[in-house]
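Participant: coords below, sequence missing:
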């Protein structure tokens, strides 16, 4: 994987860009991570591999992995689709034992840096409303949020979600 950024906020992490040629060496870590982040979906290893390789192995996708330098393991990720000047964050996850350590914020800062270098001006994402995640995103980005809309879950699920557009 291409190492994108080594400095961090004291969390002993690095951010790396997904490259499908490295799939054999990271496959186990990624499947374990996705199962840990999204246990409610009960994905099989084969489903994760097929989905991940099919969905994120093209030039419209950008996936960043957050890697713990001490453990030498992938502990988080964010996956985006890029369409012109906008990147849609499709999924973000942090391993359950690493949550509440501000790692999502670190990952998002690195994502934004990379997106700016390739001409992206906006990010969009959907977030659950009922668990407070949408409100947390809006607080985090503050006046950079330029649009919000509460919607029915369109990317799977039926819970209420909020679509959020953010200026980089």
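Facilitator: Right, received. Where do you want to start? Keep in mind it's a predicted model, so treat the numbers as computed, not measured.

Participant: just the pLDDT for residue 160.
Facilitator: Residue 160 carries a pLDDT score of 88 in this model.

Participant: and it, what are its bridge partners?
Facilitator: With DSSP bridges as the criterion, residue 160 is bridged to residue 152.

Participant: in the chain, what residue spans correspond to strands?
Facilitator: 2-5, 13-17, 61-68, 73-83, 86-94, 122-128, 145-152, 160-167 (DSSP state E).

Participant: how many neighbours does the closest residue in space to residue 61 that isn't next to it in sequence have?
Facilitator: Spatial nearest neighbour of residue 61, excluding adjacent residues (CB to CB, 6 or more residues apart in numbering): residue 81 at 5.8 Å. To be clear about C-beta, it is placed using only N, CA and C from the backbone, and glycine gets the same treatment. Residue 81: 16 surrounding residues under other CB atoms under 10 Å.

Participant: out of the strands of the chain, flag the one nearest residue 29.
Facilitator: Shortest distance between residue 29 and the strands of the chain, using CB to CB, is found for strand 73-83: 4.4 Å.

Participant: who touches the closest one?
Facilitator: Residues from elsewhere that reach strand 73-83 (CB atoms under 8 Å, 6 or more residues apart in numbering): 13, 18, 26, 29-30, 33, 55-56, 60-68, 87-95, 98, 103-104, 107-108, 111, 115, 118, 120, 123.

Participant: try 7 Å this time
Facilitator: Contacts to strand 73-83, defined as CB atoms under 7 Å, 6 or more residues apart in numbering, come from residues 26, 29-30, 33, 56, 60-68, 87-95, 98, 103, 107, 111, 120.
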